[in-house]
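> quick one, fold the following:
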Amino acid sequence: MARYIGPKTKISRKFGESIFGPDKSFEKKNYPPGQHGLNKRRQKKSEYAIQLMEKQKAKFLYGILEKQFRNLFEKANRSKGITGEVLLQLCESRLDNIVYRMGLSKSRSGARQLVSHEHIVVNGKVCNIPSRLIKPGEIVGVREKSKSLSVIEESIALNDSVYEWITWDNNKLEGVFNSVPNREQIPENIKEQLIVELYSK
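Here you go, the predicted structure:
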């Protein structure tokens, strides 16, 4: 199962925001990486460079590599609706992202690990495929024997996020994916139109 395993703080510094969740190192050095840091005179970025940066940011945010991301774009392009918005909706519908949104993990990479290690059930059945797209009405929860895991308990205790498209039951440790979120409901700072323009070239 392919995933990004390189330096994370460096990536966050490149984009100027904490891509992988809370990061003390990023808070200390919240300026671009490189020998000269803030003092480096950066050339004006080309249109292509800006579009590429936006695509890379989206990929790192959702923990998706190029092939999967391209497949999601092509699926969004074939569907009805605004391509960029549908692309983000597909990213939000991934099982690992929903586990993260439900507060079962502090990061998407942690959520991905919970899924791949078979701690998560979908409609009562164990699912270990992080990229599985969840449909509205499906129930995502914690496997019975995994409910006492300290990482899950700690994450739920610290989680205070509420999303309109997810109904969470703290007693059962399960939630319902009510509907696909609208663009206004997705909190990620992504300019999806730039990604569409890049892939459309």
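> in stretch 167-176, what's buried?
Across stretch 167-176, burial judged by 16 or more other CB atoms under 10 Å covers 168, 173, 174, 175, 176. Every C-beta, even on glycine, is put in place using the N, C-alpha and C of the backbone.
> err, stretch 193-201, not the other one
Judged by neighbour count using 16+ other CB under 10 Å, the buried positions of stretch 193-201 are 194, 195, 196, 197, 198, 199.
> circling back: export the buried residues of stretch 167-176 to CSV and tack on pLDDT, distance to residue 139 and secondary structure?
Converted to CSV, these look like this (pLDDT from 0 to 100; distance: CB to CB, whole Å; DSSP: H, G, I helix; E, B strand; the rest coil):
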residue, pLDDT, distance to residue 139, secondary structure
168, 94, 11, strand
173, 95, 11, coil
174, 96, 6, strand
175, 96, 7, strand
176, 97, 5, strand
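> farthest-apart pair in those residues, please.
173 and 176 (12.7 Å; CB to CB).
> returning to that earlier point: would you list the buried residues of stretch 167-176 in a markdown table and tack on distance to residue 92?
Formatted as a markdown table, the buried residues of stretch 167-176 follow (distance: CB to CB, whole Å):
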| residue | distance to residue 92 |
| --- | --- |
| 168 | 15 |
| 173 | 21 |
| 174 | 18 |
| 175 | 14 |
| 176 | 15 |
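> just those now: which is nearest residue 80?
Closest to residue 80, out of all of the buried residues of stretch 167-176 and judged by CB to CB, is residue 176, at 24.6 Å.
> is the closest residue to that closest one other than its chain neighbours in a helix, a strand, or coil?
Of all residues beyond its chain neighbours, the one nearest residue 176 is residue 167 (4.6 Å), with distances taken as CB to CB, 6 or more residues apart in numbering. Local secondary structure at residue 167 is given as strand here, using DSSP: H, G, I helix; E, B strand; the rest coil.
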